[in-house]
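Colleague: coords below, sequence missing:
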């Protein structure tokens, strides 16, 4: 062929065409994925795309068993997942736990890189304060993770904060299926919050701007994969997209905005000509409320404990990594004669969750089967001598008693009677839709210590309630934890003494029944209905309440995630 220049030219031309054809078929060379018309070319079904997960951890020992436990449950081939871990500036056991986990699981995953550093890169006033150099350090680490992914030639990079919990094992597959260059799974707002990991709008400086799309997205009044102004905390990058070849997290000299990892990331994405998306078609992730800048490690641990124990056990099981140690607290009944936990046997999910939460908080309680309002018949009511109080309506709902209300009252009444027949002196009654306050054991023990040291003459003490009216509630002199309550709702959690149980039963409430919440308030003479009061003599229940409260409902009635107890029975 050396003697035939024309043949050499033809041979070179053929090789160029073949090479170009192979490049066009390379699944790693894809479009920017900006809309559904630019679908990514798929790898063979038998070979899923490769993913690198980037873990950046500092002082997260309290969340690692849960975070890693849920990550291990991802329904995605582990041999297609690499993990890049970096940890520094720790004041707890984060590094030790991550090393132990890495040594245990690295043979399962495609590759695990572990980097730790004791170098002081930045200084901050507290573990949760964020000076400018800390933001720059974080951006540098994210960029190092991106470069590690490029070096390993993976297809996707998953950035995930260490307190963002992947409760849905299909999250990674769902994100990849969206075929977007940058897509985030929507994080469920923590209870009582609208916080999530995306912004629908930003102002001219790049700061958050509320838009009319945000709430419908959070509440899932609209569902899908939506373009948004910013995603943060947890998101997936498709680094096969050509524009990622030159992408960097690190701010350049031209950046004039506020130095914050979210704002800089958003700026760099727009500079690269890419878009960001959020996916809210399912519950993918949960997280505790972000701690404030001056929280200590212990305060953050307590808040996280409350979240992990209360929020991550909907199916009765709190998931933790099987490769990390976990020591449950010793079981206690706090020196009470008995702790009753009311649950309807047919509500198995709630029973499993309640059992798991009690076990993980180390609380010795006996499950008490609730009276099921669905099973009550009028003959049963007649036999028990049950009659609604003439003209009785629920003070808040302005509705008549339901069979569910009657079943709930009887559930509590049975416990009052059992207390007296067992000759108990002090008990605690819990309903199953509860969540414990952070550091509940210590706070409840402190309340009990105050009650006993003061030799308080008490019949009932609320640990959870809903205040119906605003007004001054006098503090109990000589205590830090108790007030004298006004009318309150919920019988979610309260202590009862034997004298209190006698008063509640001796008033013969079954023959003039009202909702149990209202009966309790009426018996300490704080109900506004004088006509009801006239039906009950001796309204002298000595009632007190924890302040602040130690227990809350898992969800308010009809709120997102609410598990029915009263109205729906």
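Modeller: Now that the structure is in, tell me what you want to look at. Since the model is a prediction, treat every value here as computed from it, not as a measurement.

Colleague: Residue 500 contacts residue 461, doesn't it?
Modeller: No: look at residue 500 against residue 461 with CB atoms under 8 Å: they stay out of range, at 9.2 Å. Every C-beta, even on glycine, is put in place using the N, C-alpha and C of the backbone.

Colleague: so where do the helices sit in the stretch 151-300 of the chain?
Modeller: Here the stretch 151-300 of the chain has its helices, by DSSP state H, counting those that start in this stretch, at 171-177, 214-218, 261-271, 297-311.

Colleague: Looking at those, spot the one closest to residue 531.
Modeller: For these, the distance to residue 531 is smallest for helix 297-311, at 39.7 Å, taking CB to CB.

Colleague: Quick check: buried residues in that closest one?
Modeller: By 16 or more other CB atoms under 10 Å, the buried positions in helix 297-311 come out as 297, 299-311.

Colleague: Which single one of the residues you listed is nearest to residue 94?
Modeller: If you rank the buried residues of helix 297-311 by distance to residue 94 using CB to CB, residue 297 comes first, at 10.1 Å.

Colleague: Was I right to think that closest one contacts residue 58?
Modeller: No: counting by CB under 8 Å, residue 297 sits too far from residue 58 to count as a contact (10.3 Å).

Colleague: Next, count neighbours for residue 337.
Modeller: By other CB atoms under 10 Å, 14 other residues sit near residue 337.

Colleague: For it, which non-adjacent residue is spatially closest?
Modeller: Excluding the flanking residues, the one nearest residue 337 by CB to CB, 6 or more residues apart in numbering is residue 424, at 3.8 Å.

Colleague: again with residue 182
Modeller: In space, residue 182 comes closest to residue 276 once its chain neighbours are excluded; the distance is 4.6 Å by CB to CB, 6+ apart.

Colleague: Please apply the same query to residue 76.
Modeller: Nearest-residue entry for residue 76: residue 172, 4.8 Å, with adjacent residues in sequence omitted and distances by CB to CB, 6+ apart.

Colleague: need the contact list for that neighbour.
Modeller: By CB atoms under 8 Å, 6 or more residues apart in numbering, the contact set of residue 172 is 51, 74, 75, 76, 158, 166, 236.

Colleague: Could you give the number of residues near the second one?
Modeller: The number of residues packed around residue 74, counting by other CB under 10 Å, is 19.

Colleague: Surely it touches residue 171?
Modeller: Yes: between residue 74 and residue 171 there is a contact under CB under 8 Å: 7.1 Å.

Colleague: and residue 170, what does it touch?
Modeller: Per CB under 8 Å, 6+ apart, neighbours of residue 170: 75, 282.

Colleague: Let me know the pLDDT of it.
Modeller: For residue 170, the model assigns a pLDDT of 97.

Colleague: now swap in the one 10 residues further on and tell me
Modeller: Each residue has a pLDDT score; the one for residue 180 is 97.

Colleague: Can you tell me the closest non-neighbouring residue to it?
Modeller: Counting by CB to CB, 6+ apart, the residue nearest residue 180 is residue 277, at 4.7 Å.

Colleague: doesn't residue 178 make contact with the one you found?
Modeller: Yes: contact criterion CB under 8 Å: residue 277 and residue 178 qualify, at 6.7 Å.

Colleague: Find the residues that touch each one of these two.
Modeller: Counting by CB under 8 Å, 6+ apart, the residues touching both residue 277 and residue 178 are residue 225.

Colleague: what sits against residue 85?
Modeller: 55, 57, 98, 102, 112, 113, 114, 115.
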